[in-house]
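# just to be clear, the model below is a prediction. Sequence and coordinates:
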Amino acid sequence: MDSKDKNQQVKSLIYQGYVHLNDGEYRAAVFCYDKALELNEDNSRIWDNRGVALSKAGRYPDAVESFEIALDLEPDNAKAWINMGVSLGAMGRFTEAINCFNQALEIDTENDDAWNNKGTAFFNLSKYSEALECFNKALELNPENSKAWAGKGSVKRFLGDYKGAVKCLEKFIELNGMNPSPQVEEAWAMIFDLKMIIINQDSQDLN
């Protein structure tokens with residue numbers, strides 16, 4: 001196989017992996033990326049995409065290994081740092097995840113996804129003030145980052161700012177087009193609970 005045919009086959013396998021990934025066919029996606037790596041094992045993008053597929057399949061340790069190889073090949077790949085941080089967070093290794101997001105932010109200080117994910121990691125460590133700072137930074141960079149609005153709403157709920165939490169969660173729902181999804185349904189349920197708390201607090205204040 002000449003280099004032109006080889007490169008074309010690698011591109012085809014990457015595309016097939018991308019399609020499988022979007023369709024939720026994670027095992028098939030990993031298969032495509034593995035085949036592509038047989039032809040080009042030094043491609044950071046393939047290792048990164050493979051890690052995403054493994055992470056989506058719940059194979060987090062394998063995903064982290066894939067991201068580590070991607071980053072050995074391309075240390076300035078902010079996306080791979082974020083992806084590795086997400087997988088580490090899924091394993092409960094939140095401090096290590098924060099270190100990954102910090103690495104991404106050293107490369108791209110205005111990456112709202114990195115700030116949002118860093119906020120989520122701080123939230124899971126019950127470091128609410130640090131989490132709120134990260135979510136605010138993400139929203140300053142991208143006011144339409146719906147995940148950051150959801151994260152900020154959760155932080156405000158834990159800090160006792162129930163009205164502020166409702167506003168954030170309503171913004172999250174608005175940005176998702178009010179389309180039904182487990183996340184939107186959870187946000188609606190949380191808003192209902194928060195409004196009941198607010199009503200009870202207001203009635204107590206009147207008494």
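Cool, the structure landed.
# tell me the helices and strands packed up against the lengthiest helix in the chain.
Using DSSP state H to define each element, the chain has its longest helix at helix 182-206. If contacts are counted by 3 or more Cβ pairs under 8 Å, 6 or more residues apart in numbering; DSSP states H and E, helix 182-206 sits against helix 146-158, helix 162-175. No exception for glycine: its C-beta is placed from N, CA and C like everyone else's.
# let's go with 6 Å and repeat that
Under the contact criterion of 3 or more Cβ pairs under 6 Å, 6 or more residues apart in numbering; DSSP states H and E, helix 182-206 touches helix 162-175.
# need the mean per-residue confidence for the helix it packs on.
Taken as a whole, helix 162-175 carries a mean pLDDT of 96.
# list the contacts of it.
The contact list for helix 162-175 (Cβ atoms under 6 Å, 6 or more residues apart in numbering) reads 144, 146, 149-150, 152-153, 156-157, 184, 187, 190-191, 194, 197-198.
# can I get it in PDB, CA atoms only?
C-alpha atoms of helix 162-175 as PDB (Å, rounded to 0.1, in the frame of the first residue of the first chain):
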ATOM      1  CA  TYR A 162     -32.500  29.100  46.000                       C
ATOM      2  CA  LYS A 163     -33.800  32.000  43.800                       C
ATOM      3  CA  GLY A 164     -30.500  32.300  42.100                       C
ATOM      4  CA  ALA A 165     -30.400  28.500  41.500                       C
ATOM      5  CA  VAL A 166     -33.900  28.700  39.900                       C
ATOM      6  CA  LYS A 167     -32.700  31.400  37.500                       C
ATOM      7  CA  CYS A 168     -29.700  29.400  36.500                       C
ATOM      8  CA  LEU A 169     -31.700  26.200  36.000                       C
ATOM      9  CA  GLU A 170     -34.300  28.000  33.900                       C
ATOM     10  CA  LYS A 171     -31.500  29.400  31.700                       C
ATOM     11  CA  PHE A 172     -30.200  25.800  31.300                       C
ATOM     12  CA  ILE A 173     -33.600  24.700  30.200                       C
ATOM     13  CA  GLU A 174     -34.000  27.600  27.800                       C
ATOM     14  CA  LEU A 175     -30.700  26.900  26.100                       C
END
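# buried sites along the helix or strand bottoming out on mean pLDDT in the chain?
Every helix and strand of the chain was ranked by mean pLDDT, DSSP states H and E. The lowest is helix 182-206, at a mean of 88. Buried residues in helix 182-206, counted by 16 or more other Cβ atoms under 10 Å: 184, 187, 190-191, 194.
# again with stretch 107-125
By neighbour count with 16+ other Cβ under 10 Å, stretch 107-125 contains the buried residues 111-123.
# where exactly do the helices run in this protein?
3-22, 26-39, 44-56, 60-73, 78-90, 94-107, 112-124, 128-141, 146-158, 162-175, 182-206.
# next, the angle helix 94-107 makes with the fourth one.
It stands for helix 60-73. 30 degrees (axes from the mean of the first three to the mean of the last three Cα atoms, to 10 degrees).
# what's next to helix 60-73, contact-wise?
The contact list for helix 60-73, computed with Cβ under 6 Å, 6+ apart, reads 44, 47-48, 50-51, 54-55, 80, 83-84, 87, 90-91.
# kindly recompute the last result at 10 Å.
Around helix 60-73, the neighbours that count as contacts under Cβ atoms under 10 Å, 6 or more residues apart in numbering are 30, 33, 37, 41-57, 59, 77, 79-93, 96, 100, 103.
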